[in-house]
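Trainee: I would like the atomic coordinates for the input below:
(chains A and B)
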Number of protein chains: 2
Amino acid sequence: MNRVDALRKVAFKEDKFDGYAVFNGINLTYLAGFSGSSALLVPRDGESVLYVYGVNYEMAKAEGAGFRVERVERCENLMEKVAKQSVAFGIKRLAVDALSITNWRALAKSMGSEEKLVADNGVVQELRKIKGEEEIKLLRKAAELTSLGMKVAYETVAAGLKEYEVAAEIEYAMRKQGSGGTAFETIVASGACSAFPHGGCSDRKIRQGDLVVVDIGAAYRSYCSDMTRTLVAGKASEKQKRLYGIVKQAQDNAFATVKANVKAKDVDAAARQAIAEAGFGDYFVHNLGHGVGLEVHEPPTLSPESTDTLAVGNVVTVEPGIYLVGYGGIRIEDTVLVGKAGAEKLTSGPYALTKE
Amino acid sequence: MNRVDALRKVAFKEDKFDGYAVFNGINLTYLAGFSGSSALLVPRDGESVLYVYGVNYEMAKAEGAGFRVERVERCENLMEKVAKQSVAFGIKRLAVDALSITNWRALAKSMGSEEKLVADNGVVQELRKIKGEEEIKLLRKAAELTSLGMKVAYETVAAGLKEYEVAAEIEYAMRKQGSGGTAFETIVASGACSAFPHGGCSDRKIRQGDLVVVDIGAAYRSYCSDMTRTLVAGKASEKQKRLYGIVKQAQDNAFATVKANVKAKDVDAAARQAIAEAGFGDYFVHNLGHGVGLEVHEPPTLSPESTDTLAVGNVVTVEPGIYLVGYGGIRIEDTVLVGKAGAEKLTSGPYALTKE
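Mentor: Model prediction:
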């Protein structure tokens, strides 16, 4: 119940609301320690209620310790049920983390007035930004599995193989060691497709000399990881080496700035500046990084517009890239923990275009 | 552009609105044939606009043929951009498929009034329910890959293996043959965990005599599939065989009713009745099935409360189950196409508790 207590502490301190309704699936997993619930109602005073449909009810009773678990019956309406309980709790202003407009209106109607609802997706997000000890253990394990997968990528990538065949070997190696599937769709993007940051993994055959962007992430007990290396099938050209050096320098510069109390936009700037100075500023077409936790993309954001400040317990990616349409792309990415003693890369693998 | 034309035809026929804004990622993939866009604005008259952030802009230009592709610049606000264009199109009532309450309000503000927005998540969903020829080809391919994975499950499941080790072999086999990853988290739930419909895939070691629910789905070019078989590690007991027979009978009964113009709830009832008559009605704790397409769970729904009527081009699962807490569970599931000539199972595999 510690996370719910933490939520209470933050959510109710300013008297903006006296109840918090959680509907977002990831927030529910975070707070309930269980992924099969449909809502959680946290009153300022009283026992929280976890709402679960029949399909997951028995699992919730087995796993969702510490909550009053309510089964949502067929024909029952979840919004009405949550509203009714909110009224019973005497909640006057109910914060809601996330709802579609249709469900928002249904909940408002059941509560009697839209004035009783406050859209607030920030409180749980803020809590989730700071990873606890147990979460860091799981993130570390996910990153280890990912690093293992990258090792297999270096052993596997070769001309003649299809992109998805490389992905198959990587995913198999991670899975056999205990990965709970992938944190996102594996990217193996070769040749001209590597110039699309979210390109690949098709049935394209890798050709000699191709750049191959390998962007992978194992998941471990619902925690994600994220790592990219760019390889060359065969021998790297001078141009490929030069571009690689620029991206690597950008990553080094950015990583060197990562620590608590640094502005996220300054970390982004450290990488962006290195790439711009080399003349490729227009070809780094995405943010430097993002938080990693139960979601592979979550706050904080490392971008020029970010208002985040890094804090101990953040886990973020650092992933500069250069993308030349028609030629190919290079990205280097690690998942990084902001620790008390400074930044630590959780993922590890060679910074090299070829196996050696 | 056929799908957008189809949307126009349905969306604007009643004059309820004169513009349609699509934000849901799957709806965007369906309409734009491309998964990297952030919004699509379809006016009653004029060329539709596809909104894409820098990270996916070049890929959109390469793949998103037939649309005016607008790049969303850093610091630009997508809601403001869509509102501005809507005003330029002269749109007076803009339908919106899906938005968080926060974005809904931002869009309303930019449009000048909430009265100009209409929440409508039904029009695209209705279109997506009826699969076209090309979609059926992809769903068929995904189902074939899944059936291959199930073959591997029968060859692999054995006492002593961990649940995730079985998953690794299944996923590897599907992936090597071209699966684009899994449509959902693979379930290999053994022993008492098989009594949780969404249980497994943990590091639990399968034991002799365990029921093992294997629920898997390959994805092919973003199209999903879904299939379950329940196996026994070793020799099946009489009780296991009896329960299996009941679930199989329920699936047979339900499958026999699947055809166009039949009410979805009647298909559910056919299975539910068979299980109830055998005395296990309280232990079939979920719906009979759901639509399968770009999402693994999408309309129509096969449940006692469903208001759907089956139609040619629907692709749905038929998946009855019995779950005995503390003992184990049995589920049998196939993905089924509602065709002109009747129902066709797209997935195929033995209906057997053991390899033979």
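Trainee: every contact and neighbour count from this point should use C-alpha atoms.
Mentor: Will do.
Trainee: up against chain B, what does chain A have?
Mentor: A:36, A:54-56, A:58-59, A:74-75, A:98-102, A:104, A:119, A:164-165, A:167-169, A:171-172, A:175-176, A:178-181, A:185-186, A:196-199, A:201, A:203, A:285-286, A:305, A:325 (C-alpha under 8 Å from any C-alpha of the partner chain).
Trainee: these in strands, which ones?
Mentor: Where the residues of chain A next to chain B overlap with strands, as defined by DSSP state E, the overlap consists of residue A:119.
Trainee: so how do I select the buried members of the residues of chain A next to chain B in ChimeraX?
Mentor: Applying 16 or more other C-alpha atoms under 10 Å in any protein chain shown to these leaves a buried subset, and the ChimeraX line that selects it is:
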select /A:36,54,55,56,58,59,98,99,100,101,102,104,119,164,165,167,168,169,171,172,175,176,178,179,180,181,185,186,196,197,198,199,201,285,286
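Trainee: burial of residue A:6, as a residue count?
Mentor: Using other C-alpha atoms under 10 Å in any protein chain shown, residue A:6 is surrounded by 14 other residues.
Trainee: swap that for residue A:46, please
Mentor: Tallying neighbours of residue A:46 according to other C-alpha under 10 Å, which is how burial is gauged here, yields 8.
Trainee: spit out the contact partners of it.
Mentor: Residues touching residue A:46, when contacts are defined by C-alpha atoms under 8 Å, 6 or more residues apart in numbering or on different chains, comprise residue A:89.
Trainee: how about the secondary structure of it?
Mentor: Reducing the assignment at residue A:46 to three states with DSSP: H, G, I helix; E, B strand; the rest coil gives coil.
Trainee: how does chain A divide up, domain by domain?
Mentor: A:3-128, A:130-345 (automatic domain parsing).
Trainee: which helices and strands does the longest helix along chain A pack with?
Mentor: Taking residue count as the measure and DSSP state H as the definition, the longest helix of chain A comes out as helix A:133-156. Taking 3 or more C-alpha pairs under 8 Å, 6 or more residues apart in numbering or on different chains; DSSP states H and E as the contact definition, the neighbouring helices and strands of helix A:133-156 are helix A:163-176, strand A:211-216, strand A:227-232.
Trainee: report the rounded mean pLDDT for it.
Mentor: Helix A:133-156 comes out with an average pLDDT of 98.
Trainee: and that helix, which residues are buried?
Mentor: Taking 16+ other C-alpha under 10 Å as the neighbour-count basis, helix A:133-156 is seen to contain the buried residues A:135-136, A:138-154, A:156.
Trainee: how about the helices in chain A?
Mentor: Shown for chain A, the helices assigned by DSSP H span residues A:2-11, A:25-32, A:54-63, A:78-89, A:101-111, A:122-129, A:133-156, A:163-176, A:238-257, A:264-277.
Trainee: nearest spatial neighbour of the spatially most central residue of chain A, skipping sequence neighbours?
Mentor: In chain A, the C-alpha nearest the mean C-alpha coordinate belongs to residue A:296, at 1.9 Å (C-alpha atoms, centre = their mean). Nearest in space to residue A:296, with sequence neighbours left out and distances taken as C-alpha to C-alpha, 6 or more residues apart in numbering or on different chains, is residue A:224 at 5.5 Å.
Trainee: neighbours around that neighbour, how many?
Mentor: Counted with other C-alpha under 10 Å, the burial measure for residue A:224 works out to 29 neighbours.
Trainee: got it, and the one 10 residues further on?
Mentor: By the other C-alpha under 10 Å criterion, the neighbourhood of residue A:234 contains 17 residues.
Trainee: I'd assumed residue A:206 was in contact with it.
Mentor: No. Using C-alpha atoms under 8 Å, residue A:234 is not in contact with residue A:206, being 10.3 Å away.
Trainee: for the helices of chain A, give me a markdown table that also has distance to residue B:13.
Mentor: Compiled in a markdown table, the helices of chain A are given as follows (distance: least, C-alpha to C-alpha, whole Å):
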| stretch | distance to residue B:13 |
| --- | --- |
| helix A:2-11 | 46 |
| helix A:25-32 | 36 |
| helix A:54-63 | 39 |
| helix A:78-89 | 32 |
| helix A:101-111 | 22 |
| helix A:122-129 | 40 |
| helix A:133-156 | 51 |
| helix A:163-176 | 43 |
| helix A:238-257 | 52 |
| helix A:264-277 | 48 |
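Trainee: nearest to residue B:281, out of those helices?
Mentor: Between residue B:281 and the helices of chain A, the tightest spacing by C-alpha to C-alpha is seen for helix A:54-63, at 12.9 Å.
Trainee: just checking, what packs against that closest one?
Mentor: Using 3+ C-alpha pairs under 8 Å, 6+ apart as the contact criterion, the elements in contact with helix A:54-63 are strand A:68-72.
Trainee: switch the helices and strands packed on helix A:133-156 over to CSV; also include distance to residue B:19 and mean pLDDT.
Mentor: Formatted as CSV, the entries for those read as follows, by distance: least, C-alpha to C-alpha, whole Å; pLDDT from 0 to 100:
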stretch, distance to residue B:19, mean pLDDT
helix A:163-176, 39, 98
strand A:211-216, 38, 98
strand A:227-232, 40, 98
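Trainee: can you list the ones you listed in TSV and add distance to residue A:80?
Mentor: TSV is the format used below for these (distance: least, C-alpha to C-alpha, whole Å):
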stretch	distance to residue A:80
helix A:163-176	42
strand A:211-216	42
strand A:227-232	43
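Trainee: mind checking the ones you listed for the one nearest to residue B:301?
Mentor: Each of those was checked against residue B:301 via C-alpha to C-alpha, and the shortest separation belongs to helix A:163-176, namely 32.3 Å.
Trainee: and for residue A:118, the neighbour number?
Mentor: Neighbour count for residue A:118, taken as other C-alpha under 10 Å: 18.
Trainee: and for it, nearest residue in space, chain neighbours not counted?
Mentor: On the basis of C-alpha to C-alpha, 6+ apart, the spatially nearest residue to residue A:118 that is not a chain neighbour turns out to be residue A:95, at 4.6 Å.
Trainee: intersection of neighbour lists for residue A:234 and residue A:206?
Mentor: Both residue A:234 and residue A:206 are contacted by A:158, A:159, under the criterion C-alpha under 8 Å, 6+ apart.
Trainee: quick revisit: most packed of the domains of chain A?
Mentor: domain A:130-345 (a mean of 22; mean count of other C-alpha atoms under 10 Å in any protein chain shown).
Trainee: end-to-end on that domain?
Mentor: Domain A:130-345 has an end-to-end distance of 17 Å (criterion: C-alpha to C-alpha, to the nearest Å).
Trainee: that concludes my questions; thank you for your assistance.
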